[in-house]
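Q: What would the 3D arrangement of this be:
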Amino acid sequence: MLRNLLALRQISQRTISTTSRRQIANRVPEKQKLFQEDNGMPVHLKGGLADGVLYMTTMVLAVFGTCYAVYELFVAAMPKKVK
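A: As a prediction, the model looks like this:
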């Protein structure tokens, strides 16, 4: 049992070390230049095609949701016909 605890301690020390296994390039300065550039585009579209697709999807869902809510309110406001 003691051997298992020592092995667990050793594994935990290996996985929680302060050294990184691979270095990741810092791309923050590139993104700062991109988003601070004055090119007349709104900041929510400066990220490229993915931002445009997300924006359009959000707008379509918002318009559809609003229209559906108004429709449901209209249906709820109309009395049912009794035969």
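Q: What helix or strand is the residue nearest the centre of the chain located in?
A: In the chain, the centroid-proximal residue (Cα atoms, centre = their mean) is L54; its distance is 9.7 Å. In this structure, L54 sits in helix 49-77 according to DSSP states H and E.
Q: Might you quantify the distance of that helix from its chain's geometric centre?
A: Put simply, helix 49-77 sits 19 Å off its chain's centre (Cα atoms, centre = their mean, to the nearest Å).
Q: Okay, buried residues for that helix please.
A: Residues of helix 49-77 include none that count as buried (16 or more other Cβ atoms under 10 Å). C-beta coordinates here come from the backbone N, C-alpha and C atoms, glycine included.
Q: do stretch 37-53 as well
A: For stretch 37-53, burial by neighbour count (16+ other Cβ under 10 Å) applies to no residue.
Q: show me where pLDDT drops low in this protein?
A: The chain contains residues with pLDDT under 70 at 13-21.
Q: Next one: M78 from A50, what distance?
A: Counting by Cβ to Cβ, to the nearest Å, the gap from M78 to A50 is 43 Å.
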